[in-house]
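1. dropping the sequence and predicted coords here.
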Amino acid sequence: MASLGFKQVIKRYGVGPAAVQVIHGVDAQIHDGEFIVMVGPSGCGKSTLLRMVAGLEDITGGEITIGERTVNGIEPAKRDIAMVFQNYALYPHMSVFDNMAYGLRIRRLPEAEVRARVEAAAKTLELSALLQRRPSQLSGGQRQRVAMGRAIVRQPQVFLFDEPLSNLDAKLRAQTRLEIQKLHRTLGITSLFVTHDQVEAMTLAQRMMVMNGGRMEQFATPEEVYRRPASLFVAGFMGAPPMNLLRHAPGVQAGTVLGIRPEHLLWDEQGWACVVDSIELLGAERLLHLRLGEEDLTMRIPAQDAAPALGETVRIRPNEAFIHTFDADTGLRRA
Ligand SMILES: Nc1ncnc2c1ncn2[C@@H]1O[C@H](COP(=O)(O)OP(=O)(O)OP(=O)(O)O)[C@@H](O)[C@H]1O
């Protein structure tokens, strides 16, 4: 196990005038044994950063460290990391056992050691009964577990996960998420997990790195990211439906954006007059889509509460305890 460090990490693709910079100086220190989720929209540079840790991409500037070691320039096989991809990348003609053993045999580990490690990993992942099957004889979730098993047997210092759940259906994703959590509790290996799914990020992360346009906008616990988003981007990205971000509501000063989550709006006879645009029932809750002058906002209420009629004018106010304010120019949090 080891810590994982990023110091002013930069990535440029290409050279000369055609070069594009896609990572703009990322700084982060991941502690030994931590489970970190890197989250952000498509193209924000998550895979690039992960691949730089793995050694599959050069590091244009700055430094990546694993434990005490700077790994810039160290070849992938010598970095002591294991990576789990979304497409599993299993060998179709090999049994589950051989798939898991492959990397160890290449390193010429004694066969008894290979067998012991594969059997131990299979037990942890509940794959013992499936060791003689081929990948084609497994379900998607089982294949994903084999892919994880192949990573575990190597006993790496760091695990890297590149959207490993994105090929699974919703139910299996939820289940595999729990298995990954359990596995991390058992093994305690430092892990960096990439996803664009905010639910996955919130539920798996001990701390999360929220990426946007090649920059890290926040690095904090899921609770902190939700309760005190560091920027307008983070505020809009985390939470479904997202935080209301209001520039023109009554009382909001020029140059300021007021943020209020849909669950933090209250009925108030003296409050803002809003017209009900549409209503969605989501089982236990109802979402009211409201129009306040030129602003749209969403309010979340319990489904059992009386719902207003479409086109009706309702009066609401933000709960003061949960107001966020951001600088409209820099996008950064003020309070
Ligand atoms: N080989 C390359 N040459 C030039 N640009 C590249 C190359 N690979 C990636 N990029 C660019 O780098 C940026 C970051 O890409 P990256 O794949 O890291 O994003 P991502 O956050 O992982 O996205 P996704 O969630 O869609 O996989 C993108 O703008 C992409 O177009």
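-> Looks like it came in fine.
2. what residues does the stretch 51-200 of the chain have near the ligand?
-> residue 196 (Cβ under 6 Å from any ligand atom). Bear in mind the C-beta positions are built from the backbone N, C-alpha and C, glycine included.
3. in the stretch 51-200 of the chain, what residue is nearest the ligand?
-> residue 196 (4.8 Å; Cβ to the nearest ligand atom).
4. in this structure that residue contacts residue 42, no?
-> Yes: counting by Cβ atoms under 8 Å, residue 196 touches residue 42, with 6.1 Å between them.
5. who has more neighbours, these two?
-> For residue 196 versus residue 42, neighbours defined as other Cβ atoms under 10 Å are more numerous around residue 196 (18 against 7).
6. quick check: that one vs residue 46, distance?
-> Per Cβ to Cβ, to the nearest Å, residue 196 is found 7 Å from residue 46.
7. find residues that contact each of the two.
-> 39, 40 (Cβ atoms under 8 Å, 6 or more residues apart in numbering).
8. and the closest residue in space to residue 309 that isn't next to it in sequence, how many neighbours?
-> The shortest distance from residue 309 to any non-neighbouring residue, by Cβ to Cβ, 6 or more residues apart in numbering, is to residue 276 (6.8 Å). Close neighbours of residue 276, defined as other Cβ under 10 Å, add up to 18.
9. now swap in residue 127 and tell me
-> Using other Cβ under 10 Å, residue 127 has 22 neighbouring residues.
10. do the one 10 residues further on as well
-> The burial metric for residue 137, expressed as a neighbour count using other Cβ under 10 Å, is 12.
11. next one: residue 176
-> Neighbours of residue 176 under the rule other Cβ under 10 Å: 18.
12. please settle this for me: is it part of a helix?
-> Yes: assessed with DSSP: H, G, I helix; E, B strand; the rest coil, residue 176 lies in a helix.
13. right, and it touches residue 143 too?
-> No: between residue 176 and residue 143 there is no contact under Cβ under 8 Å: 10.7 Å.
14. how's the protein carved up into domains?
-> The record's domain split for the chain, according to automatic domain parsing, is 4-235, 243-327.
15. among these, which is the most enclosed?
-> domain 4-235 (a mean of 18; mean count of other Cβ atoms under 10 Å).
16. circling back to that earlier point, and of the domains of the chain, who's closest to residue 334?
-> Closest approach to residue 334 among the domains of the chain is made by domain 243-327 (4.6 Å; Cβ to Cβ).
17. packing partners for the strand ranked longest in the chain?
-> Counting residues, the longest strand found in the chain (DSSP state E) is strand 265-282. Packing contacts for strand 265-282, counted by 3 or more Cβ pairs under 8 Å, 6 or more residues apart in numbering; DSSP states H and E, involve strand 285-292, strand 295-302, strand 313-318.
18. same thing but 6 Å
-> strand 285-292, strand 313-318 (3 or more Cβ pairs under 6 Å, 6 or more residues apart in numbering; DSSP states H and E).
19. low pLDDT regions in the stretch 51-200 of the chain?
-> 88 (pLDDT under 70).
20. can you pull out the helices in it?
-> Ranges of helices within the stretch 51-200 of the chain are 96-106, 111-124, 140-152, 170-187, 198-204, based on DSSP state H, counting those that start in this stretch.
21. can you tell which of these is closest to residue 78?
-> Here helix 96-106 is closest among the helices of the stretch 51-200 of the chain (Cβ to Cβ), at 13.6 Å.
22. run through the stretch 201-335 of the chain and note the low-pLDDT ranges.
-> 335.
23. shouldn't residue 201 be in contact with residue 210?
-> No: counting by Cβ atoms under 6 Å, no contact exists between residue 201 and residue 210, whose distance comes to 8.2 Å.
24. need the residues touching each of the two.
-> The contact sets of residue 201 and residue 210 overlap at residue 39 (Cβ atoms under 6 Å, 6 or more residues apart in numbering).
25. may I have the phi/psi pair for residue 110?
-> The phi/psi pair for residue 110 (degrees, to the nearest 10) reads phi -60, psi 140.
26. how far away is residue 230 from residue 332?
-> Plainly put, residue 230 is 7 Å away from residue 332 if you go by Cβ to Cβ.
27. apologies, that question was intended for residue 133.
-> 53 Å.
28. can you check residue 256 too?
-> In terms of Cβ to Cβ, residue 256 sits 12 Å off from residue 332.
29. one more: residue 103?
-> 45 Å.
30. over to residue 82?
-> Between residue 82 and residue 332 the distance, using Cβ to Cβ, works out to 37 Å.
31. any idea of the mean pLDDT in stretch 30-47?
-> For stretch 30-47, mean pLDDT rounds to 95.
32. got the contact list for residue 152?
-> Contacts of residue 152 (Cβ under 6 Å, 6+ apart): residue 121.
33. now with 10 Å?
-> 82, 84, 100, 117-118, 120-122, 124-125, 145, 159, 183, 186-187, 189 (Cβ atoms under 10 Å, 6 or more residues apart in numbering).
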